[in-house]
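Asks: generate coordinates for the sequence data below:
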Amino acid sequence: MIHYVTYAEKFGWTPEQVDQLTIGQDDWLIPIMHAIDGQREYAQKKAAEAQERKDKAKRARGFQ
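Replies: You can find the predicted model right below:
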């Protein structure tokens, strides 16, 4: 059941679509999805940190 929910949440797939996956596809889709999500989170974190540094530098120069 969790298997179907995961694919439905991430890809909007029906149980029938999930059942059509080959074993090879099923073995790799979730790990790849997790890797992509991890990279996306890392990029967002780095962008937020860069923005914080930029804002801090502006404040230090007297800009508000």
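Asks: what about the helix ranked longest in the chain, distance to the chain center?
Replies: Taking DSSP state H as the assignment, the helix of the chain that covers the most residues is helix 23-60. Its chain's C-alpha centre and that of helix 23-60 lie 7 Å apart, by CA atoms, centre = their mean, to the nearest Å.
Asks: list the helices and strands it packs on?
Replies: helix 2-11 (3 or more CB pairs under 8 Å, 6 or more residues apart in numbering; DSSP states H and E). Bear in mind the C-beta positions are built from the backbone N, C-alpha and C, glycine included.
Asks: buried set for the helix it packs on?
Replies: For helix 2-11, a neighbour-count test (16 or more other CB atoms under 10 Å) marks Tyr7 as buried.
Asks: what does stretch 43-53 give?
Replies: By neighbour count with 16+ other CB under 10 Å, stretch 43-53 contains no buried residues.
Asks: pLDDT weak spots in the chain?
Replies: 63-64 (pLDDT under 70).
Asks: how much space between the spatially most central residue of it and Met1?
Replies: Centroid-nearest residue in the chain: Asp37, 2.3 Å away (criterion: CA atoms, centre = their mean). Asp37 sits 21 Å away from Met1, going by CB to CB, to the nearest Å.
Asks: noted, bye for now.
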